[in-house]
Each structure stands twice: as C-alpha cells, then as structure tokens.
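Engineer: Just the structure for this:
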Amino acid sequence: MKRSSIQPMPKYFDRYINLIDDVELDEAFETSLQELATFDRAAYRALGLQTYAPGKWTVPDILQHLIDWERIMTYRALVFAREVSKQAPGHDENQMALTAGASARSIDELIDEMVALRKSTRYFFRTLNTVQLQQSGICWESEMSALALGFTILGHQKHHFELLKARYLPLV
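Structural biologist: The predicted structure follows:
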C-alpha cells in the first residue's frame, strides 16, 4: 500500500510520514536501506561524541534512538495488525537515551544493527495483508494504522538523517 492510503493521517506523526514519497511501503523500505548503505560512517566517526550544541544528543545517541524507535513502532504495528490492543504503550525517549549507553558503541556497530533491524522490520511488514495494514489503534494522542507506523519508521530516519547532515556534518 502507498503512503496516500493512510487514513486517517495521524497528527504529530504526519511530519515524519510526509517526508516519504507516495510509493508502496516496501519500495520505501528499499530506499531507506539504500540511505543506510550510503551513510558516511567515516565523517560521523570523525565527530566522536561532539554535538552541535550543549545538551544535544551525540551521533551515537541519535542512531540508538532510531533503533529503539523502530523497535517500538514495529511492536505497535504488530499489536494493531494482530488486533491484540487498540492502545500502544508509551515510552520516554529521553530516559531511554540516558540509559542506552550509545556513547560506548561505534558508528559502524550502530549502523550495522540498523541495517539488520531494518531488514527484519521490512520482512515483518511484508507479512501484513491489506486488512492488517489498515488495523489501527492509539499512539500517544493519534489514531494510527499499522501502515502509518511503517511509514513513520522510515520518515523518522529521514528526519534525523537530514538533521545529522545539516547540524553535525558542518562540524567535521
């Protein structure tokens, strides 16, 4: 199903979803894997744990955040698609970042994990039929379908990769 098939478009999460072209979900997953394959590991390794401003996350923190977010959103899609619950559990991304230990991990290790996870997430979404993709529940304050969650995962990566390029690469 395409991005334009998302009904209703969830508030707040639409800012991520709309970063993805109106293509089939599986095609969008392929594009995201290509973005991961071309991630400039060397440039981000050179940054170390530097941030563009005090109190901001390091590159490893951001990559770990993307990994955690993808796992959470995929679980939510699973719960909705399998009609287990209509209410997604919440999470505190800042608390998760504090306790994740991302600064002890290498850029290569994090990107390798992201690729493995993205492939697994893609396989999961491929198993969902049209009815399952349209099953929805409440995430935070928004009704979201499993399909919307899939596009949210991809748009969230795109959002953070754009921030990395704009705010972190100039520091190299």
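
Engineer: could you point out which element follows the helix ranked longest in the chain?
Structural biologist: Taking DSSP state H as the criterion, the chain has its longest helix at helix 59-81. Scanning forward in sequence from helix 59-81 by DSSP states H and E, the next helix or strand is helix 93-100.

Engineer: Touching that following helix from outside, list them.
Structural biologist: Applying Cβ atoms under 8 Å, 6 or more residues apart in numbering, the set of residues contacting helix 93-100 from outside is 57, 61, 64-65, 68-69. Heads up, the C-betas are built off the backbone N, CA and C, glycines and all.

Engineer: mind running it again at 10 Å?
Structural biologist: Helix 93-100 is contacted from outside by 57-58, 60-62, 64-65, 67-69, 72, 92, 102, using Cβ atoms under 10 Å, 6 or more residues apart in numbering.

Engineer: Same question for it: list its buried residues.
Structural biologist: Buried positions in helix 93-100, judged by neighbour count with 16 or more other Cβ atoms under 10 Å: 96-97, 100.

Engineer: How far does that helix sit from its chain's centre?
Structural biologist: 16 Å (Cα atoms, centre = their mean, to the nearest Å).

Engineer: Repeat that for stretch 145-161.
Structural biologist: On Cα atoms, centre = their mean, the centre of stretch 145-161 falls 5 Å from that of its chain.

Engineer: Spell out the residue ranges of the helices in this structure.
Structural biologist: Here the chain has its helices, by DSSP H, at 14-17, 25-37, 41-47, 59-81, 93-100, 107-126, 130-134, 146-163.

Engineer: how many neighbours does A146 have?
Structural biologist: Look at A146: counted by other Cβ atoms under 10 Å, it has 27 neighbours.

Engineer: That one contacts R82, correct?
Structural biologist: Yes: using Cβ atoms under 10 Å, A146 is in contact with R82, at 9.2 Å.

Engineer: returning to that earlier point: hmm, which of the contacts of helix 93-100 is lowest in pLDDT?
Structural biologist: Across these, the smallest pLDDT goes to D92, namely 85.
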